[in-house]
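J.: have a look at this prediction, sequence included:
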Amino acid sequence: MNASKKELEFNKNEDAMRLKISALNRELELIYDGGGKKRIEKLHAKGKLTARERIDLLLDNGTERFEMGAIAGYGMYKEHGGCPAGGVVTVIGYVSGKQCIIIANDATVKAGAWFPITGKKNLRAQEIAMENKLPIIYLVDSAGVYLPMQDEIFPDKEHFGRVFRNNAVMSSMGIIQIAAVMGSCVAGGAYLPIMSDESLIVNKTGTIFLAGSYLVKAAIGESIDNETLGGATTHTQISGVCDYNTENDEDCLGTIRDLMDKVGHSENAGFNRKESIEPARSPKEIYGIMPKDRSKPYNVRDIIKCIVDDSKFTEYKADYGRSIVCAYARIDGWSVGIVSNQREIVKNAKGEMQFGGVIYSDSADKSARFIMNCNQKNIPLVFLQDVTGFMVGSKSEHGGIIKDGAKMVSAMANSVVPKFTIIMGNSYGAGNYAMCGKAYDPRLIVGWPTAEMAVMSGAAAAKVLLQIEVASLKSRGEEITPEREKELFDTIKNRYDEQTSPYYAASRIWIDAIIDPADTRKVISMGIEMANHKKAEKAYNVGVIQV
């Protein structure tokens, strides 16, 4: 391709990516409004701040932050009026210089009530805190379980009660937990403040009780107001449930900052870090490198150069297993091992060959060895996914692709160093698993607006499902014209494509966020920093694998 054609292709790709990022930002602006402007105004009239305003005041000025799960609940629960961001805001950020995770109920969304996705999002935040020994701060303002859906949030293992089990486990692990009651804290949720290390309550707006005044009246006939039943004075002077009585939201958040300021440092995991160097290639060049047409090739090394320090990396086995690029590099000063799918066209001994994100036996073998080396050297792993799966066909099967794939999966699954996954493009089938999909416990997993997750592509799935549908219709004596067949194909593909969208994945917390590709360095760096709080609890051992 000549220079002018390359430049034109770059510009087209860049325009397409910028449009996707603009669309993402428009959706996020709506989500950030929570339950809407009117409900925000009502909250302010009560002297309360919104969840996001509270987080803004709590975090250190001018420091980086990463919001997880902003897309949670997207397009879900329409019959219940929706649930923007899952009714809770979760952010990794810095409080008095300490990296923390903050969970803040959004009282503008159904009074902060818990939908099923709210529970899943809270548990994901707690999981991250436990995996990384990260302090966790709860800003509580919730009406409790959303009763119309109580059967989907209350009784099961990964439901509401798991939060309090995690409170107890985190306490035993020495993980700092601070709870601030800044609004309602009712029923089972009332256990959260007392199961945290320290608790605060805001005077006149914060209340804690197992049952509110109406239920108390109905249950035992006692007439009492909510403030007397479970307000700040009650719980700091009589019950002793809370440790600090604060005058308003600002005072409460300031007190939390004071508490975090006194926290001592603990032993870390010892990940290597030097002074950060900006990439020689701008991270925004990714926009033009990533093809608009997902079937077109590109060299993932160009992506890596936009992410790593000084755009420099040391490639492992560069001429072997070329459908995966493995490299050592630094990201924001942190030493990392990168495992990335390759989609370039290359010349080899047998002629021209395109690696369309397929994992071959030699690539799986190389990756397994590289992952083992990173564990040996205590180097965090970064997976850059654009994978269509493992190579199929008789040649691959006879060559032992299943054995080599299993070797890669075993090496990755048993890693004791932290793993971080960026889904850049395709994430299909067993390729999702081998490249550290959600099932393999990445510390953080995010997608670009170009990400797609499914068993296979929409077109491939539609062809398979169409054959089944056509055979079924023909067996019932229906005649299928080419026009009817195309209509069936389009219907099936459109439905499938909706499910492969990154928004579909993020709404269900299959990924932690959809991010601007230019923010990839920040997310990985913050992720490694949080992972550095906790040492590996076991030695690296892959168990039995077939060589």
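T.: Looks like it arrived, so ask away. Numbers count the residues shown, from 1 in each chain.
J.: pLDDT weak spots in the stretch 301-450 of the chain?
T.: 346-354 (pLDDT under 70).
J.: send over stretch 427-443 as PDB, restricted to the C-alpha atoms.
T.: Presented in PDB, the C-alpha positions along stretch 427-443 are these (Å, rounded to 0.1, in the frame of the first residue of the first chain):
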ATOM      1  CA  SER A 427     -13.100 -11.700  21.500                       C
ATOM      2  CA  TYR A 428     -14.500 -14.900  20.200                       C
ATOM      3  CA  GLY A 429     -14.900 -18.500  21.500                       C
ATOM      4  CA  ALA A 430     -12.000 -20.200  23.200                       C
ATOM      5  CA  GLY A 431      -9.800 -17.300  22.200                       C
ATOM      6  CA  ASN A 432     -11.500 -15.200  24.800                       C
ATOM      7  CA  TYR A 433     -10.600 -17.800  27.400                       C
ATOM      8  CA  ALA A 434      -6.900 -18.300  26.300                       C
ATOM      9  CA  MET A 435      -6.400 -14.500  26.200                       C
ATOM     10  CA  CYS A 436      -7.600 -14.100  29.800                       C
ATOM     11  CA  GLY A 437     -11.400 -13.400  29.500                       C
ATOM     12  CA  LYS A 438     -13.500 -12.600  32.600                       C
ATOM     13  CA  ALA A 439     -13.700 -16.300  33.600                       C
ATOM     14  CA  TYR A 440      -9.900 -16.300  34.300                       C
ATOM     15  CA  ASP A 441      -9.800 -13.500  36.900                       C
ATOM     16  CA  PRO A 442      -8.100 -10.600  35.300                       C
ATOM     17  CA  ARG A 443      -7.700  -7.900  38.000                       C
END
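J.: list the buried residues of that stretch.
T.: Taking 16 or more other CB atoms under 10 Å as the neighbour-count basis, stretch 427-443 is seen to contain the buried residues 427-438, 440-443. Using the backbone N, CA and C atoms, a C-beta is placed for each residue, glycine as well.
J.: now, which of these lie within strands?
T.: Using DSSP state E, the members of the buried residues of stretch 427-443 that fall within strands are S427, Y428.
J.: inside helices: which ones of the buried residues of stretch 427-443?
T.: Assignment to helices by DSSP state H places the following of the buried residues of stretch 427-443 there: G429, A430, G431, N432, Y433, A434.
J.: how far away is the residue lying closest to K98 once chain neighbours are set aside from P135?
T.: With sequence-adjacent residues excluded and distances taken as CB to CB, 6 or more residues apart in numbering, K98 is closest to M260, at 5.2 Å. Counting by CB to CB, to the nearest Å, the separation of M260 from P135 is 7 Å.
J.: common neighbours of the two, please.
T.: With contacts taken as CB atoms under 8 Å, 6 or more residues apart in numbering, M260 and P135 have V95, K98, C100, I178 as neighbours in common.
J.: which of those fall in strands?
T.: V95, K98, C100, I178.
J.: and T246, how many neighbours?
T.: One way to gauge burial is a neighbour count; for T246, by other CB atoms under 10 Å, it gives 23.
J.: wait, what's in contact with it?
T.: T246 sits in contact with A180, L200, I201, V202, N203, A232, C252, T255, where contact means CB under 8 Å, 6+ apart.
J.: quick check, nearest of these to T481?
T.: Distance ranking of the contacts of T246 against T481, using CB to CB, places A180 first at 64.9 Å.
J.: so where is the stretch 1-150 of the chain shaky, pLDDT-wise?
T.: Confidence mapping of the stretch 1-150 of the chain against pLDDT under 70 gives the ranges 1.
J.: all helices of it, in order?
T.: Remark: helices assigned in the stretch 1-150 of the chain by DSSP state H, counting those that start in this stretch are 3-32, 37-45, 51-58, 116-132.
J.: for I304, grab phi and psi.
T.: phi -60, psi -40 (degrees, to the nearest 10).
J.: just checking, it touches L384?
T.: Yes. A contact is recorded between I304 and L384 when judged using CB atoms under 8 Å, the distance being 7.4 Å.
J.: mutual contacts of the two, please.
T.: Taking CB under 8 Å, 6+ apart as the contact rule, I304 and L384 both touch I338, S340.
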